[in-house]
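Q: What follows is a protein structure lacking sequence information:
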């Protein structure tokens, strides 16, 4: 009985419970929920205080200021996430893509050198030899053609005379 080694698969990466997309979705949902909650609280306070119009406008103004500050925080977080993603992309380009491009350039230079070597040492001599043989065969064909023509004309002059 032979023991064959079992093919092992690479270890599965541990998936974190919260990836970047999930964090952004949860943060956006919390922000929207907070805005709705603040609006409802302001509406309830306005109704409870007796419906003073100036007080209602002040509360709405305060809510808008709070909303804009929370939105500014969200924009800053988004820019920070964008900067991290750009940094990861640059790192990927430097560690993964750059070596692949260097290997590809080296392979292309090797192939170009091989083509030049084959051209100089194999293709050109074969073309020269082929051209020489073609010229020689044409020369021989023409020489035999001239001899036949001379013989043929000698035979015609003897028959006529």
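A: That came through fine. Note that the structure is predicted; figures quoted are calculated from it, not measured.
Q: So in this protein, which helix runs the longest?
A: Identified as the longest helix of the chain according to DSSP state H is helix 53-92.
Q: Who are the packing partners of that one?
A: helix 20-48 (3 or more C-beta pairs under 8 Å, 6 or more residues apart in numbering; DSSP states H and E). For the C-beta atoms, the positions are set from N, CA and C on the backbone; glycine is no exception.
Q: can you list the weak-confidence ranges in the protein?
A: Residue ranges of the chain with pLDDT under 70: 1-18, 51, 53, 152-161.
Q: mind listing what the most centrally placed residue in it touches?
A: Closest residue to the average C-alpha location of the chain: residue 97 at 9.4 Å, with C-alpha atoms, centre = their mean. Counting by C-beta atoms under 8 Å, 6 or more residues apart in numbering, residue 97 makes contact with nothing.
Q: still on that earlier bit, and the angle for the longest helix of the chain with helix 20-48?
A: In terms of direction (axes from the mean of the first three to the mean of the last three C-alpha atoms, to 10 degrees), helix 53-92 departs from helix 20-48 by 180 degrees.
Q: List the buried residues in helix 53-92.
A: Across helix 53-92, burial judged by 16 or more other C-beta atoms under 10 Å covers 56, 59, 63.
Q: pretty sure the second one contacts residue 44?
A: No. Counting by C-beta atoms under 8 Å, residue 59 sits too far from residue 44 to count as a contact (10.3 Å).
Q: between these two, what contacts are shared?
A: By C-beta under 8 Å, 6+ apart, residue 59 and residue 44 have no common neighbours.
Q: and residue 50, helix, strand or coil?
A: State at residue 50, reduced to three classes by DSSP: H, G, I helix; E, B strand; the rest coil: coil.
Q: burial count for it?
A: When counting by other C-beta atoms under 10 Å, one arrives at 7 neighbours for residue 50.
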